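A.B. asks: here is a sequence together with a model predicted from it:
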Amino acid sequence: MPDPKTSPSQGRKQSQMADPDGSAPDLELLGDQVTLQPRGYIEPLQPAEDGDKERNLVEHMARFRSSPLEFLREVSLHVSGMGWRAYDNVIGQPIFYPGFSENMIASVLSTPILQKRITELAEKRIAVEEKDGLLNKNDPHYASKRAHRKSVIEQSLQELSEKLADEMICKLESKTFIRGAYYLTTQLLTRAYHQGIHVSSEEVLRLRKVAERTEKAKQSIIFLPCHRSHVDYVSLQLICYRLGLALPTVVAGDNLNFPVVGSFLQHAGAMYIRRSFGDDALYSTLVQSYIDTLLQGGYNFECFIEGGRSRTGKLLPPKFGILSFILDSVLSGRVEDAVICPVSTQYDKVIETEGYVGELLGVPKKKENLADFLSASSVLSLKLGRVDVRFHEPWSLRQFIVEQQSRTTGIPKGLDMKSISDTATRQKILRTLGYKVLSDINAVSVVMPTALIGTVLLTLRGRGVGFDELVRRVEWVSQRVRAKGGRVAHFGNSPTSVVIERGLEVLGKDLVGLVEGLPEPTYYAVDRFQLSFYRNMTIHLFISEALVSASMYIRVKRGGGPENQKISYEELRDQVLFLSQLFRGEFIYPTEGLAVNLDNTLRGLEADKIVDLHRDSEGKITTVGLSDAERAAGRENYDFYCFLIWPFIEAFWLGAVCLMGLTPPLNHQGDGWLDMNKCQDSSQLLGKTLYHQGDLSYFEAVNKETLKNSWTRFEEEGIIEVVKSRAAKAQRKTRLSPDWTPRRDAETGKIVPEGRLWDFIEKIAQSRREGKNRRDGATVSTRVLRLTETILGRTLFAADSVGGSLSEEDAKVLNQLQQQKRRKSLRSRARL
């Protein structure tokens, strides 16, 4: 809040964090009163008599310790349905009645596709038994015995399907339970996120109208949120409850189905599925049958487009498992249509970040259990700020499919869905759908103050920053976010300084430290690794500028004056193309293509006076260099973009260097296949060693997820080969592709730093940040390669006592994968 002595006009001048005119106002709910804040709303200068008013979606509720009688009264009112919003007259299909679960199971089991699958599996089993001699075709009673045996198998599969369905489906059938669950989760949420859940009034009013329309059409709203925390699905359920919308069925991994908590979540809307279906045809068909039944009935549905939670803070590539089931429901004609609603959930602070750091540094992920769930109660006493949830404008899945189909075939809209039978066409539509949802999520995401602070602290050259400078840089980043079409969370007319103080308080001393005894408050990043989670929440907005800046760094780092640091347009374009393809699995790029995006980015940097563009007589860009204004400002804006992307460049460089260690020793017997997990664990150990010895600038480069992504990218490029046996719990194996394997010196046995892989490493290194011993490749070609050989090569190949050969089954799998990759290589690749 602004100082009470400050006039409203002064308050408006101080505020650099408020959204510009045209942004949607927040929704304020206090107790049983709902107020829409008008555009340009200015918070009152004096606190209201009833205390601070937060524009949030969950009211402050009585505490048992301070007011036990009031607490018990509120619980009684909520459970009985007499408290605020008894959850009556819900917009959506009826679900809260006894017997709903039994009816749902019966509907799922009776679907034609499941019955057909059961018949097919029974026939396959009969064929196996005939082959094994268990059924004799020459037996005079063969036909009756076969029919009886088939009936027994089908009955067994029916019973198994019923058991699996009962474990899978959500059991939303008690309104009394939902009322109590709402009160309990609201109590917990308001303890942790003391400023509640904030939403846009325009967005939720639009969502209610869509819900009313889909209810009449008996269609489902499919919520597709990003996933950073377990709080994601809690907050969305609470929003639907408060808005009077039918609660969605939420797809959850069966790892959450542990005693007490698992049952609670299932009765609050969770449907449990396995993390991996493998070759279980019955189970995958059962999941498809359940999704069909939900969408045919018009029940709202929710699944996380990224699959699991993002441990890095940025959006992950889309997972296509559940999405493919949804798409197939409509493409097959079993479901007429469904409405897609991308959702962005942002936090001042994510509860699980400390656990994420441990996982990313190599600590094995613990299986969820009740003890860990209860231990979270200590976290709930923290003041973690607020949650901001934003809803993209919902759109028709059927209409999306028709538009994609018409683009691909050139056939006018309105074509029958069943005509899309080509697998490649379906896969293309599925991928486009996934990335469109991610793009929509990014479009409505709100950048929180903690993300701005984390971004500034991790993009400065110095150890720390004064408070006034921190305010200035946060305001600059805020302006750049808006200029890129992003949104910054608004706080009425609160000055930027107040918002930053609030953000620093939420981040806490474990993440951001304060140096005492100096002329001005000076802040520094205490835990850069954990703080990078918040920086990564903004990077998608600046990825084009970051890639261009890192590509320019090839020349900028040479020094020697402005003329020596200019880069030709062709060299810049080549490096941007290289980096954009390298990171195509990490970031979501604009869709206009490389040439258009590059030129747009360069013009934007020119308008911001960061670069100078030199053109020929025809107006074509010939060279690019830093502007005089940027040099006079100490390169702070240019450096900002470089600092955003450098940790990722370091991580991929580290991943590529580690591949050198996969070079088989001289006279090695076998094909060089190694355990993939052991290779990646050794890569992380090498990265930690290089960081502490000064050859890596960023500890974030040893991030396990980013390193895995780099190896996935190298696999796509054919640098490494990866195979996973179909056997249960089988580990993936990897080796360097023959075309990329470096040679060893015949006398010393050392890896020779040359060849295709070495050139690839050097190409990445060109855009790395200059640091210790990096004026040439001597350090990498000697000491770093020696460490790579010691930590990876010798250790991994010494443990490979079998010689690294593949089984016959694995060899078949590898051959199939190689054929698929050859087909994929013919398709166009995503570029900047």
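C.D. replies: Received it, and whenever you're ready, just let me know what you need. Numbers count the residues shown, from 1 in each chain.

A.B. asks: what about the nearest residue to residue 111 once chain neighbours are set aside, which SS state?
C.D. replies: In space, residue 111 comes closest to residue 289 once its chain neighbours are excluded; the distance is 4.2 Å by C-beta to C-beta, 6 or more residues apart in numbering. No exception for glycine: its C-beta is placed from N, CA and C like everyone else's. Three-state assignment for residue 289 (DSSP: H, G, I helix; E, B strand; the rest coil): helix.

A.B. asks: tally of neighbours for residue 289?
C.D. replies: 24 (other C-beta atoms under 10 Å).

A.B. asks: any idea how far residue 275 is from it?
C.D. replies: Distance of residue 289 to residue 275, computed by C-beta to C-beta, to the nearest Å: 20 Å.

A.B. asks: what of residue 514?
C.D. replies: Residue 514 is 43 Å from residue 275, by C-beta to C-beta.

A.B. asks: that older thread, mind listing what the residue nearest to residue 111 touches?
C.D. replies: Listed by C-beta atoms under 8 Å, 6 or more residues apart in numbering, the contact partners of residue 289 are 108-109, 111, 113-114.

A.B. asks: quickly find the element holding residue 712.
C.D. replies: Counting by DSSP states H and E, the element that carries residue 712 is helix 704-716.

A.B. asks: helices or strands next to that helix in the packing?
C.D. replies: helix 353-360, helix 636-660, helix 676-692, strand 720-723 (3 or more C-beta pairs under 8 Å, 6 or more residues apart in numbering; DSSP states H and E).

A.B. asks: now mean neighbour count too, for the ones you listed, in JSON lines please.
C.D. replies: Listed next are these as JSON lines, based on neighbours: other C-beta atoms under 10 Å:
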{"stretch": "helix 353-360", "mean neighbour count": "18"}
{"stretch": "helix 636-660", "mean neighbour count": "24"}
{"stretch": "helix 676-692", "mean neighbour count": "19"}
{"stretch": "strand 720-723", "mean neighbour count": "20"}
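
A.B. asks: and those as a markdown table, adding distance to residue 498 and mean pLDDT?
C.D. replies: Output for the helices and strands packed on helix 704-716, formatted as a markdown table (distance: least, C-beta to C-beta, whole Å; pLDDT from 0 to 100):
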| stretch | distance to residue 498 | mean pLDDT |
| --- | --- | --- |
| helix 353-360 | 24 | 80 |
| helix 636-660 | 24 | 95 |
| helix 676-692 | 37 | 91 |
| strand 720-723 | 51 | 90 |
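
A.B. asks: so which of these is nearest residue 619?
C.D. replies: Closest of those to residue 619 is helix 636-660, at 24.3 Å (criterion: C-beta to C-beta).

A.B. asks: what's the angle between the closest one and helix 704-716?
C.D. replies: Going by axes from the mean of the first three to the mean of the last three C-alpha atoms, to 10 degrees, helix 636-660 is angled at 60 degrees with respect to helix 704-716.

A.B. asks: got the angle for helix 636-660 vs helix 676-692?
C.D. replies: 130 degrees.

A.B. asks: which other helices and strands does helix 636-660 contact?
C.D. replies: Helix 636-660 sits against helix 543-556, helix 569-582, helix 676-692, helix 704-716, helix 756-765, helix 785-788, with contacts defined as 3+ C-beta pairs under 8 Å, 6+ apart.

A.B. asks: all the strands of the stretch 51-200 of the chain, residue numbers only.
C.D. replies: 197-199 (DSSP state E, counting those that start in this stretch).

A.B. asks: re the thing from before, could I get the helices and strands packed on helix 704-716 as a markdown table with distance to residue 284?
C.D. replies: Shown next, in a markdown table, are the helices and strands packed on helix 704-716 (distance: least, C-beta to C-beta, whole Å):
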| stretch | distance to residue 284 |
| --- | --- |
| helix 353-360 | 28 |
| helix 636-660 | 33 |
| helix 676-692 | 25 |
| strand 720-723 | 22 |
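
A.B. asks: quote the end-to-end distance of stretch 691-700.
C.D. replies: 10 Å (C-alpha to C-alpha, to the nearest Å).

A.B. asks: cool, and stretch 130-149?
C.D. replies: Using C-alpha to C-alpha, the span of stretch 130-149 from its first residue to its last is 11 Å.

A.B. asks: what sits up against that stretch?
C.D. replies: With C-beta under 8 Å, 6+ apart as the test, stretch 130-149 has contacts from 126, 129.

A.B. asks: what comes up buried for that stretch?
C.D. replies: Residues 135, 146, 149 are the ones in stretch 130-149 that count as buried (16 or more other C-beta atoms under 10 Å).

A.B. asks: over to stretch 593-605?
C.D. replies: Here stretch 593-605 shows 594, 597-599, 601-602, 604-605 as buried, counting by 16+ other C-beta under 10 Å.

A.B. asks: using a markdown table, lay out the buried residues of stretch 130-149 together with pLDDT and distance to residue 176.
C.D. replies: Below are the buried residues of stretch 130-149 laid out as a markdown table (pLDDT from 0 to 100; distance: C-beta to C-beta, whole Å):
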| residue | pLDDT | distance to residue 176 |
| --- | --- | --- |
| 135 | 77 | 53 |
| 146 | 85 | 51 |
| 149 | 89 | 47 |
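
A.B. asks: including distance to residue 318, could those residues go into JSON lines?
C.D. replies: What follows is the buried residues of stretch 130-149, written out as JSON lines (distance: C-beta to C-beta, whole Å):
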{"residue": "135", "distance to residue 318": "46"}
{"residue": "146", "distance to residue 318": "45"}
{"residue": "149", "distance to residue 318": "44"}
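
A.B. asks: and the buried ones among the contacts of residue 289, selectable in PyMOL?
C.D. replies: Per 16+ other C-beta under 10 Å, the buried members of the contacts of residue 289 correspond to this PyMOL selection:
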select buried, resi 108+109+111+114
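
A.B. asks: of all the contacts of residue 289, which comes closest to residue 782?
C.D. replies: Each of those was checked against residue 782 using C-beta to C-beta; the closest is residue 113, at 61.5 Å.

A.B. asks: dump the residue contacts of that closest one.
C.D. replies: Neighbours of residue 113 in contact, by C-beta under 8 Å, 6+ apart: 285, 288-289, 292, 334.

A.B. asks: try residue 539
C.D. replies: Here residue 539 is in contact with 314, 546, 587, 644-645 (C-beta under 8 Å, 6+ apart).

A.B. asks: could you redo the last one with a cut-off of 7 Å?
C.D. replies: Taking C-beta atoms under 7 Å, 6 or more residues apart in numbering, we find residue 539 in contact with 314, 644.

A.B. asks: helix/strand/coil for residue 317?
C.D. replies: In three-state terms, and counting by three-state DSSP, residue 317 is coil.

A.B. asks: also residue 514?
C.D. replies: Following three-state DSSP, residue 514 is assigned to strand.

A.B. asks: surely it and residue 523 touch.
C.D. replies: Yes: Residue 514 lies in contact with residue 523 (C-beta atoms under 7 Å); the separation is 5.8 Å.

A.B. asks: when these two are compared, which one has more neighbours?
C.D. replies: Higher neighbour count among residue 514 and residue 523: residue 523, with 21 against 14, using other C-beta under 10 Å.
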